[in-house]
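A.B. asks: Okay, here's the prediction I keep looking at, along with the sequence it came from:
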Number of protein chains: 4
Amino acid sequence: MLRWNNDYNQGAHPAILKALMDTNEISYPGYGLDEWCEKAGEEIKKYLDTDKAEVHFLLGGTQVNYTVAAAALRPYQGIVSAHTAHINNHETGAIENTGHKIHAIDGKDGKLTAEGIRAEGEQYRISGVKEHITQPKMVFLSFPSEFGTYYSLKELEDIRKACSEYNMYLYIDGARMGYGLGAASCDVKLSDIARLADAFYIGGTKCGAIFGEAVVLINDDLKDNFRSYIKQNGGMLAKGWMLGLQFYTLFKDGLYFEITRHADMAALKIKKAFADKGIPFYFENDTNQQFVILSNAQMEQIGQKHIYEYEGQYDSDHHIVRFCTSWSTRNENVDILVNDIMELNL
Amino acid sequence: MLRWNNDYNQGAHPAILKALMDTNEISYPGYGLDEWCEKAGEEIKKYLDTDKAEVHFLLGGTQVNYTVAAAALRPYQGIVSAHTAHINNHETGAIENTGHKIHAIDGKDGKLTAEGIRAEGEQYRISGVKEHITQPKMVFLSFPSEFGTYYSLKELEDIRKACSEYNMYLYIDGARMGYGLGAASCDVKLSDIARLADAFYIGGTKCGAIFGEAVVLINDDLKDNFRSYIKQNGGMLAKGWMLGLQFYTLFKDGLYFEITRHADMAALKIKKAFADKGIPFYFENDTNQQFVILSNAQMEQIGQKHIYEYEGQYDSDHHIVRFCTSWSTRNENVDILVNDIMELNL
Amino acid sequence: MLRWNNDYNQGAHPAILKALMDTNEISYPGYGLDEWCEKAGEEIKKYLDTDKAEVHFLLGGTQVNYTVAAAALRPYQGIVSAHTAHINNHETGAIENTGHKIHAIDGKDGKLTAEGIRAEGEQYRISGVKEHITQPKMVFLSFPSEFGTYYSLKELEDIRKACSEYNMYLYIDGARMGYGLGAASCDVKLSDIARLADAFYIGGTKCGAIFGEAVVLINDDLKDNFRSYIKQNGGMLAKGWMLGLQFYTLFKDGLYFEITRHADMAALKIKKAFADKGIPFYFENDTNQQFVILSNAQMEQIGQKHIYEYEGQYDSDHHIVRFCTSWSTRNENVDILVNDIMELNL
Amino acid sequence: MLRWNNDYNQGAHPAILKALMDTNEISYPGYGLDEWCEKAGEEIKKYLDTDKAEVHFLLGGTQVNYTVAAAALRPYQGIVSAHTAHINNHETGAIENTGHKIHAIDGKDGKLTAEGIRAEGEQYRISGVKEHITQPKMVFLSFPSEFGTYYSLKELEDIRKACSEYNMYLYIDGARMGYGLGAASCDVKLSDIARLADAFYIGGTKCGAIFGEAVVLINDDLKDNFRSYIKQNGGMLAKGWMLGLQFYTLFKDGLYFEITRHADMAALKIKKAFADKGIPFYFENDTNQQFVILSNAQMEQIGQKHIYEYEGQYDSDHHIVRFCTSWSTRNENVDILVNDIMELNL
């Protein structure tokens, strides 16, 4: 069976394992105060084009999201996100557990819109009973979105503008950042993210690392004692250099971008196969996640050799399923999948 | 100016003030362990027709709601409510501040539906990734709703059934309980509420008391150390007998039901005036809150003598406004308002 | 039986009940945005001698304490208090429930010392692992203390200095403020409290009101959206003018100080009786709470006519008990108690 | 420079790196639902001698501690620990951030006593105002303690008895479990821990793993939806098999016990050197952490070649410092340190 159900089903890029081997007998200071975290931060900053960036390394996406919320928000402040946002659906209420309301609003193609943000901000601005409602203070979006779609540079700039108009932070969840930036039609660069967001994270777990996410804080308001928030929220790794070392390896010579682009290109082949076959997409996109609508029979047929992720029912006879490529996807497996797609019964 | 903007703009029913005067020089034990709280509980229970009720007195509705949530829910559990629910919109995120997600769903006429609850429960039941999502464990509804509408006995029984099917608590916010139960078309009695809900509260603040809400716990699961939750959440009044005394006065001879029915009847006169005038209702109901759609000109005209509550824009030229009656509404003022409604320009 | 167990066992000062009666049929805006809250704030400010004071009215002491903590502290910050502090012992962990650690330290005579505060601050200042520990950011003290003792002006000034040196807020719980300020040997005035504290509250519940506490914020850092914290934490009374009206009545002509001084003088008579009798004090003080050490036999003897509060065992044959006077204490009852003390068997 | 400052300054045991290499190209299900987590649990259970154990893998100690607290405690319940406990001092108030009070009490040699636990439990049991105080519901202890000392089997059994008498959970932090169990004089086995505790964790980070802690739940009350708590609290690793694989490797053939015993034996040599030299110990013990009292001059002398951890001032001229061995300590380095200790000036 070939696994296409997600982009975190294999270990780590060989270069990372090699780096772990090479440094295994060296002693380092703990808790992220080591040379590798320092160097990894420097490598990442080379792509950011700003001197305001502060880089921290945490262990996983859910943890990053609620830790940033804890650092950024006061108890009466909440987060604007799309209904489909990861924080709203798949993090076991971690944001609310941290004490903050999510203002979930309608998006488009799995994405927030500047209009939606403005409407939320305006509702608070004009309220005569502000003390009875929560203040929408931070905008959360994923780049790319949970459905593989992503924002154009213009869309992001509009959203930034909306945030600034209503005094909101813009926070970007980049669990799959590389797969978005590496997409064929993407006109956004990491430096744009750094220019437009108050904080964001660059995902390691789904992009070649064993684990780990690099949080980048731009806005000074979010930097105050951030390490205290990391520790308090269980994100401070004793052997922190393990995180720095992984990100250093990924960013040193652009490996991160190379391997995520590889995944996007593999996904395009799979997408083309589905399209050629006339199979409809749930959300069309050119990143590593392809969401297609299959009939029961097709699911069974393709399921004989391939593991996909089931997303939900589409209609009485059809379902939404996800096929993911990743940094570890092998071309020969892509060929097998493409072939099997072409042989699907319609 | 006559105030119709809410039902909590005057002090307390004269019988309550008299009771305060009569007992003012008597010394009592503190923190609700006094004879009046005991007696008030007994009087309330006479209407409940169950031996499972445990009665506590707290200070206000927001406080009651998050205190019950704290007592009922584990951190990974959330509350199902209508989008329009008070806890979702007007309590400054107090439920989330307590750590719990609100699963806000669409309602009908400001009310939840059994179907909506079942859909939410079913989504959790069939989920293969329960640990990634919050469990909808408690249903919150207001009786009457925030828009003055209320549930028929059949609707409540259906909702109870849905809750039981999906192992959810049913919790009823009765800030205006009396105005609902006293409505002309209401077929629900307080004993029905006690039979169907796991917990509910009977509002005092809006129904004749200076302040105070009577929480009734039916389900044993919610009773464990409830007084600890009250104290921890700031709801334990040092001079607790003041709460008991007020509720005793209200329930002793049915005063509570008498004065809230009075308000409903006054509201019906106002409703009839609007209807006769052809002015549309936002949500039609026969309780003490009447939501009507007025033009800018009408708002200005009626606003010269009457204070209403502005609810929001309806269309470019119209707005939703609320006229409330209460236990303290005087018939002569109702006549003035009715007269002024009849003279509104169309 | 005469109740001396606490200072909140009777209703309210007659002037307060009269004020409630006089205004009972007037309609007011809700949630503390009324004329009485405004006027009460102005009357209180007359004693504060600063133009920085912002006054809010909440419902009870526990609620005030955790609400101020929520507004003042970030999640990694804690509160320094004496081990004997109310927040550390008798508020059901409300501060921790709000997410903050209490740094409980040894005090003296129930009071914090500047030295103790400095030691706590210094420990954090010199720590090389600040992200692993909580920052002591707020000092909590009660004036008078939980044992009726109080700080001299010099002691308070030293504590303020210590707080400033270590960048901590000074917050003063004045549940019994009047009984402290009115004590014969007290050299502190309310304007000193306002000059030295960043925030404090003036207790109503124990000093003549039915309920209610007046929170005074001095430091601008604590004022941001404080009403949102009040609402979120269940402290915003719908009929807020009831709180304003009570405090206006208490402060208009100095009634608050008059009635608390009366209690202190009554306590002095009781204290003198115990002293004359040779009965030892647990903490000697001249406020309304007298803590004495009685034998089992003495407890039984005095307990035949008087209700005191049992505090704990002192040695195998002795116990600590509290006798409280209050604004409502009658002179003839004091005489009875004094007489009965004089007749205690030794 | 040789690092003795802690036991987490080198990567991972070679067998673990080898396991990572061997499985790197295999695809696994995510979030701990893989074969390695299953197998690792089975291997661990072989040492537990009970069929009640449920094993979960989390990322770090702080995270484990507050996640177990979240799962075990209701908001009004707290944790009894020694003042010196890790949760009380070095986890940035994570327990309080989760909403729970720590009842810190005096210990002995860095350890809790059954007497201390009973006193805390008794105080709650006899309290007449339980709703005003927090219930001590869970006992937290580290095995070995933060100072390298550990409990005898009899002490642990007494503590278990005290917990049962007062209806408290016993939770054991085993960040360094192996170093305790492997100590020469230790009469406790892992099966004793499993028999006496309601929950505990076996540390990986400090005992040969890159990262990861194995939580063992014994008491059914703590098992309810524990995976939801893990996810909500940021402890659910996407590539969860990485954790299972490490623990499988450590426990398969007793490697865990072998490498921690090695560290203890190395520590004994260092201890003997200090003792021979007449240098006093702060807390004497025979585990991998040796706390000695050095003069300023001695610290400088030994610091020229060795990195120790500074713990705090002892007296005007002396300081407490820690020398740690670990699974990665090399015998030749021990010899160098021993030699340098022998040459210390007195």
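C.D. replies: Everything's here; your move. Only a predicted model underlies this, so the values are computations on that prediction, with no experimental measurement involved.
A.B. asks: Look up how far residue A:229 lies from residue A:92.
C.D. replies: Distance, residue A:92 to residue A:229, by C-beta to C-beta, to the nearest Å: 19 Å. Where C-beta positions appear, they are placed from N, C-alpha and C, glycine not excepted.
A.B. asks: now residue A:235
C.D. replies: 8 Å.
A.B. asks: now residue A:337
C.D. replies: As for residue A:337, its distance to residue A:229 is 42 Å (criterion: C-beta to C-beta).
A.B. asks: These two: who's more crowded?
C.D. replies: Between residue A:337 and residue A:229, counting by other C-beta atoms under 10 Å in any protein chain shown, residue A:229 is the more crowded of the two (27 against 22).
A.B. asks: Chain C versus the more buried one, what's the distance?
C.D. replies: 7 Å (C-beta to the nearest C-beta, to the nearest Å).
A.B. asks: host element of that residue?
C.D. replies: Under DSSP states H and E, the secondary-structure element containing residue A:229 is helix A:226-232.
A.B. asks: for stretch A:46-59, what is the average pLDDT?
C.D. replies: Taken as a whole, stretch A:46-59 has an average pLDDT of 98.
A.B. asks: ok, back up a step: chain center to the helix holding residue A:229, what's the gap?
C.D. replies: Taking the mean of its C-alpha atoms, helix A:226-232 sits 21 Å from the chain's own mean (C-alpha atoms, centre = their mean, to the nearest Å).
A.B. asks: repeat for stretch A:178-197
C.D. replies: Using C-alpha atoms, centre = their mean, the offset of stretch A:178-197 from its chain centre is 12 Å.
A.B. asks: picking up where we left off before, now do the shared contacts for residue A:235 and residue A:229.
C.D. replies: residue A:67 (C-beta atoms under 8 Å, 6 or more residues apart in numbering or on different chains).
A.B. asks: Verify the contact between residue A:264 and residue A:285 for me.
C.D. replies: No - contact between residue A:264 and residue A:285 fails when scored by C-beta atoms under 8 Å: they sit 9.9 Å apart.
A.B. asks: can you list residues touching both of those two?
C.D. replies: Joint contacts of residue A:264 and residue A:285 (C-beta under 8 Å, 6+ apart) are residue A:183.
A.B. asks: Any residues of the stretch 151-300 of chain A in contact with chain D? List them.
C.D. replies: A:205-206, A:210-211, A:228, A:231-239, A:242 (C-beta under 8 Å from any C-beta of the partner chain).
A.B. asks: And the residue of the stretch 1-150 of chain A closest to chain D?
C.D. replies: Closest contact between the stretch 1-150 of chain A and chain D, by C-beta to the nearest C-beta, is at residue A:63 (3.1 Å).
A.B. asks: Please see if stretch A:123-137 touches chain C.
C.D. replies: Yes - on the criterion C-beta under 8 Å from any C-beta, stretch A:123-137 is in touch with chain C at A:130, A:131, A:132, A:135.
A.B. asks: Among the residues of the stretch 151-300 of chain A next to chain D, name the ones in helices.
C.D. replies: Among these, the residues falling in helices (DSSP state H) are A:228, A:231, A:232, A:242.
A.B. asks: and the first one, what does it touch?
C.D. replies: Residues in contact with residue A:228, defined by C-beta under 8 Å, 6+ apart, are C:76, C:130, C:131, C:135, D:92.
A.B. asks: Dump those into a markdown table; add secondary structure, distance to residue C:26 and pLDDT as well.
C.D. replies: Listed next are those as a markdown table, based on DSSP: H, G, I helix; E, B strand; the rest coil; distance: C-beta to C-beta, whole Å; pLDDT from 0 to 100:
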| residue | secondary structure | distance to residue C:26 | pLDDT |
| --- | --- | --- | --- |
| C:76 | coil | 47 | 98 |
| C:130 | helix | 55 | 97 |
| C:131 | helix | 55 | 97 |
| C:135 | strand | 48 | 98 |
| D:92 | coil | 51 | 98 |
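A.B. asks: which of these are buried?
C.D. replies: The neighbour count (16 or more other C-beta atoms under 10 Å in any protein chain shown) marks C:76, C:130, C:131, C:135, D:92 as buried among these.
A.B. asks: so which of the residues you listed comes closest to residue A:217?
C.D. replies: Nearest to residue A:217 out of the buried ones among the contacts of residue A:228 is residue C:131 (C-beta to C-beta; 14.8 Å).
A.B. asks: pretty sure the residue of the stretch 1-150 of chain A closest to chain D contacts residue D:234?
C.D. replies: Yes - look at residue A:63 against residue D:234 with C-beta under 8 Å: they come within range, at 3.1 Å.
A.B. asks: Looking at those two, which is more packed in?
C.D. replies: Neighbour count, other C-beta under 10 Å: between residue A:63 and residue D:234, residue D:234 has more, with 28 against 24.
A.B. asks: The more buried one and residue A:62 touch, don't they?
C.D. replies: Yes - using C-beta under 8 Å, residue D:234 is in contact with residue A:62, at 5.3 Å.
A.B. asks: intersection of neighbour lists for those two?
C.D. replies: Counting by C-beta under 8 Å, 6+ apart, the residues touching both residue D:234 and residue A:62 are residue A:94.
A.B. asks: name the element the closest residue to residue A:259 other than its chain neighbours belongs to?
C.D. replies: Counting by C-beta to C-beta, 6 or more residues apart in numbering or on different chains, the nearest residue to residue A:259 once its immediate chain neighbours are dropped is residue A:327, at 3.8 Å. Residue A:327 belongs to no helix or strand when assigned by DSSP H and E.
A.B. asks: The one helix or strand residue A:293 maps to: what's the following helix or strand?
C.D. replies: Element membership of residue A:293, judged by DSSP H and E, is strand A:289-295. Counting by DSSP H and E, the next helix or strand C-terminal to strand A:289-295 is helix A:296-302.
A.B. asks: State the mean pLDDT of that next one.
C.D. replies: Here the average pLDDT along helix A:296-302 is 97.
A.B. asks: returning to what we had before: what subset of the contacts of residue A:228 is also close to chain A?
C.D. replies: C:76, C:130, C:131, C:135, D:92.
A.B. asks: returning to that earlier point: need the ones in helices among the residues of the stretch 151-300 of chain A next to chain D in CSV (columns: distance to residue C:299 and pLDDT).
C.D. replies: Below are those laid out as CSV (distance: C-beta to C-beta, whole Å; pLDDT from 0 to 100):
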residue, distance to residue C:299, pLDDT
A:228, 50, 98
A:231, 50, 98
A:232, 47, 98
A:242, 64, 97
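A.B. asks: Highest neighbour count among these?
C.D. replies: Busiest of those [other C-beta under 10 Å] is residue A:232, holding 29 neighbours.
A.B. asks: What about residue A:14, how many residues nearby?
C.D. replies: Residue A:14: 14 neighbours (other C-beta under 10 Å).
A.B. asks: Quick check: it touching residue D:24?
C.D. replies: Yes - using C-beta under 8 Å, residue A:14 is in contact with residue D:24, at 7.3 Å.
A.B. asks: can you give me the angle the helix ranked longest in chain A makes with strand A:289-295?
C.D. replies: The longest helix of chain A (DSSP H) is helix A:255-277. Per axes from the mean of the first three to the mean of the last three C-alpha atoms, to 10 degrees, the angle that helix A:255-277 makes with strand A:289-295 is 20 degrees.
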